[in-house]
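Chemist: Give me a 3D structure for the following:
(2 chains)
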There are 2 protein chains.
Amino acid sequence: MSTIHTRLSLALLGAALSSAALTASAQTAPAVPPVPKSRSMQELLDGSKPGDWRTLDPARTLYMDFAAGRVVIELAPDFAPAHVANIRALAKGRYWDGLSINRSQDNFVVQWGDPAETEAARKPLPKGAKAKLPAEFTRPLKNLSFTRLPDVDGWASEVGFSSGFPIGLDRSEGGIAWLAHCYGMVGAGRDIAADSSTGAELYVVTGQSPRQLDRNITTVGRVVQGIELLSVLPRGTGALGFYEKPEQRLTIRSIRIAADLKPAERLKLQVLRTDTPLFEALVEARRNRRDDFYKRPAGHIDLCNVPLPVRTAQEPAAKPKR
Amino acid sequence: MSTIHTRLSLALLGAALSSAALTASAQTAPAVPPVPKSRSMQELLDGSKPGDWRTLDPARTLYMDFAAGRVVIELAPDFAPAHVANIRALAKGRYWDGLSINRSQDNFVVQWGDPAETEAARKPLPKGAKAKLPAEFTRPLKNLSFTRLPDVDGWASEVGFSSGFPIGLDRSEGGIAWLAHCYGMVGAGRDIAADSSTGAELYVVTGQSPRQLDRNITTVGRVVQGIELLSVLPRGTGALGFYEKPEQRLTIRSIRIAADLKPAERLKLQVLRTDTPLFEALVEARRNRRDDFYKRPAGHIDLCNVPLPVRTAQEPAAKPKR
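Modeler: Residues are numbered from 1 along each chain as shown, chains lettered A, B, ... in the order given. Here you go, the predicted model:
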């Protein structure tokens, strides 16, 4: 690897959520440690403690399986309880198994569900799934955890994180909060009517954050692992990135709630908590990068540029086998 | 196509630069035109006049050809004159022909050039190309066209467009401007030293705008067509998205300056001017979407969310053949 590659790369480290790059590893201090200008994100993660991480709740975790691998989505029942309940019922009823990715629009979204063109031709919803849900565009501020990002944002009067999700909020409108449409966020497609989504038709953001959708559509969660299986899908050549031929659609092998699988079949994923001093230090390390590459720290970070590290939980020391 | 798809899609139209969707077409008014709440982007484009568009200058246009198709890049000599001059010399000397895409990092960049790991193993620069260039991170404001975007931006005190490029500027630092790292922008990879880029190693942004790179690296242009050939490339599994095996790299067939091709071989592309009342109206149509889908216009647009429409120039009426 050439120096130019490496150096540019180093500078850019962590702009994407490479789980490999962001995995915390054992801290190995040199014999005479140099005094760094400030700690990098990786150094901060290397120094993290178990309490800086939270394990994904299997009841809130969706596995979307393809022949090529798995996409892991963390659901947000605190923001979209009715949609998340429906998604659980759809997954339990194996609704998506055999359906497909039907749309990939460059710098925008990848979308999946039933490709049938008419309501009549569509797969019926399984038992327990509702055909009608309320719009869940915002929720009350009350009882919501919130770590504010001090940086200015044009889309919301305040932005920050709530249990790992990027959110916007408005205290003037009776106190409401909503999930922000950042890269990797998952939303529920709908018709013209605000309450026309069921969660059966989902999309993930794969481009510059389309924050104009905030408060206009129900957002149900975010991809925490495997987004590169979706973001690289060939762009559809039909209007708005829909695939024009059935054979262009990627088949979904299955979508399941992790809690519906046996414990041994679940991934042991942890995500960095967003309500800790470590997270605050990490954001500052990204807001003002002080490594040798950056000549001018930005002094700012956008809500959607904040990395949300993911790792595989460290196994406890193996017990002797019987 | 299901209604849910269509409606979500309609609402999201134009978030990506689908040249098909954004191509201006002949205005066909219904017999009794309804009174729209406001004009959509497509309606505005349909009503555009020839003077609202500019034809790409062949001397500033780069064609990057692959077996699968062509990526068109508009260069920005007004911001990076030395780098653009070098890129012209590199293209003329066929430097990139047979080299490759070496890196694809999710939600970040796709990068190309010579994959050789050592300076000694690298392809020599062709005649006319310099091995040393000045850093071109910013330029003086003087003599720069600028259409200001009134929307707040956290990365720069003012943002807007200059001849079709998204830029930031600072009047307090003696009056400087710089190209903003939006989706599709092309930059020159460098080493630690600010003046270590040559333009031989280039990258394109394929994720959430990494604006922290603004003023830290020389940006040389933007992709105006064909980015979907690059954005879908499998993400590299090496550190920072580098491909680990040579066979994973996509070979570049050729990179040429359009002016070096015969006129008949050049694409007739036009881009929407950014210094017109039409453009201002288009930005407002995107800042506050008033179609039936959007229940709450955002009242804001981010610099990197503004679409920059591209079309193939309309041919003059065909002359009778001899």
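
Chemist: Which of the three states applies to A:F279?
Modeler: helix (DSSP: H, G, I helix; E, B strand; the rest coil).

Chemist: ok, now which ones touch it?
Modeler: For A:F279, the contact set (C-beta atoms under 8 Å, 6 or more residues apart in numbering or on different chains) comprises A:52, A:147, A:161, A:272-273. Where you see a C-beta, it was placed from the backbone N, CA and C, and this is true even at glycine.

Chemist: How is the residue lying closest to A:T55 once chain neighbours are set aside assigned, secondary-structure-wise?
Modeler: Closest residue to A:T55 apart from its sequence neighbours, by C-beta to C-beta, 6 or more residues apart in numbering or on different chains: A:Q270 at 5.2 Å. Using three-state DSSP, the structure places A:Q270 in strand.

Chemist: Can you list the low-confidence ranges for chain A?
Modeler: Chain A contains residues with pLDDT under 70 at A:1-37, A:315-322.

Chemist: now the helices for it?
Modeler: Using DSSP state H, the helices found in chain A span residues A:3-12, A:19-22, A:41-46, A:81-92, A:228-231, A:277-287.

Chemist: and the fourth one, what does it pack onto?
Modeler: Same thing as helix A:81-92. On a contact count with 3 or more C-beta pairs under 8 Å, 6 or more residues apart in numbering or on different chains; DSSP states H and E, helix A:81-92 meets strand A:219-225, strand A:254-257.

Chemist: Quick check: bridge partners of A:R148?
Modeler: A:G160 (DSSP bridges).

Chemist: do you know how far it is from A:E280?
Modeler: 10 Å (C-beta to C-beta, to the nearest Å).

Chemist: the more surrounded of these two?
Modeler: The neighbour comparison of A:R148 against A:E280 (other C-beta atoms under 10 Å in any protein chain shown) goes to A:E280, with 14 against 11.

Chemist: Let me see the contact set for that one.
Modeler: A:T147.

Chemist: In JSON lines: the helices and strands packed on helix A:81-92, plus distance to chain B and mean neighbour count.
Modeler: Below are the helices and strands packed on helix A:81-92 laid out as JSON lines (distance: least, C-beta to the nearest C-beta, whole Å; neighbours: other C-beta atoms under 10 Å in any protein chain shown):
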{"stretch": "strand A:219-225", "distance to chain B": "10", "mean neighbour count": "26"}
{"stretch": "strand A:254-257", "distance to chain B": "17", "mean neighbour count": "19"}
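
Chemist: B:G226: which of those is closest?
Modeler: Closest approach to B:G226 among these is made by strand A:219-225 (26.3 Å; C-beta to C-beta).

Chemist: Now find how far off-centre the closest one is within its chain.
Modeler: Centroid separation between strand A:219-225 and its chain, computed with C-alpha atoms, centre = their mean, to the nearest Å, is 3 Å.

Chemist: name the helices or strands packed onto it?
Modeler: strand A:69-75, helix A:81-92, strand A:185-188, strand A:269-272.

Chemist: got a list of contacts for it?
Modeler: A:19, A:56, A:60, A:62, A:70-76, A:79-80, A:83-84, A:87, A:164-165, A:178-179, A:181-182, A:184-188, A:199, A:202, A:204, A:213, A:230, A:267, A:269, A:271, A:308, A:310.

Chemist: For ChimeraX, write the select line for the buried members of those residues.
Modeler: If you want just the buried ones from those in ChimeraX, going by 16 or more other C-beta atoms under 10 Å in any protein chain shown, the selection is:
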select /A:56,60,62,71,72,73,74,75,76,79,80,83,84,87,164,165,178,179,181,182,184,185,186,187,188,199,202,204,213,230,267,269,271,308,310
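
Chemist: Would you mind writing the CA trace of stretch A:178-189 as CSV?
Modeler: What follows is stretch A:178-189, C-alpha atoms only, in CSV (Å, rounded to 0.1, in the frame of the first residue of the first chain):
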residue,chain,number,x,y,z
TRP,A,178,-37.6,12.5,16.2
LEU,A,179,-35.1,10.2,14.6
ALA,A,180,-32.8,12.0,12.1
HIS,A,181,-32.3,10.6,8.6
CYS,A,182,-28.6,9.9,8.7
TYR,A,183,-26.7,7.4,6.6
GLY,A,184,-27.9,3.9,7.7
MET,A,185,-31.2,5.0,9.3
VAL,A,186,-34.2,2.7,8.4
GLY,A,187,-37.6,4.1,7.6
ALA,A,188,-41.1,2.9,6.7
GLY,A,189,-42.2,3.7,3.2
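
Chemist: quick check, it touching chain B?
Modeler: Yes: contact of stretch A:178-189 with chain B (C-beta under 8 Å from any C-beta of the partner chain) involves A:182-184, A:189.

Chemist: Distance from the chain centre to that stretch, please.
Modeler: Using C-alpha atoms, centre = their mean, the offset of stretch A:178-189 from its chain centre is 8 Å.

Chemist: Equivalent analysis for stretch A:185-203, please.
Modeler: 17 Å.

Chemist: likewise stretch A:147-161?
Modeler: On the basis of C-alpha atoms, centre = their mean, stretch A:147-161 is displaced by 18 Å from the centre of the chain it belongs to.

Chemist: quick one: contacts for A:L44?
Modeler: Contacts of A:L44 by C-beta under 8 Å, 6+ apart are A:278, A:281-282, A:285.

Chemist: Sorry, wrong one. I was asking about A:L308.
Modeler: A:17, A:164, A:224, A:271-272, A:274.

Chemist: any idea how far chain B is from it?
Modeler: 12 Å (C-beta to the nearest C-beta, to the nearest Å).

Chemist: Check A:N107 too.
Modeler: In terms of C-beta to the nearest C-beta, A:N107 sits 4 Å off from chain B.

Chemist: No more questions from me, cheers.
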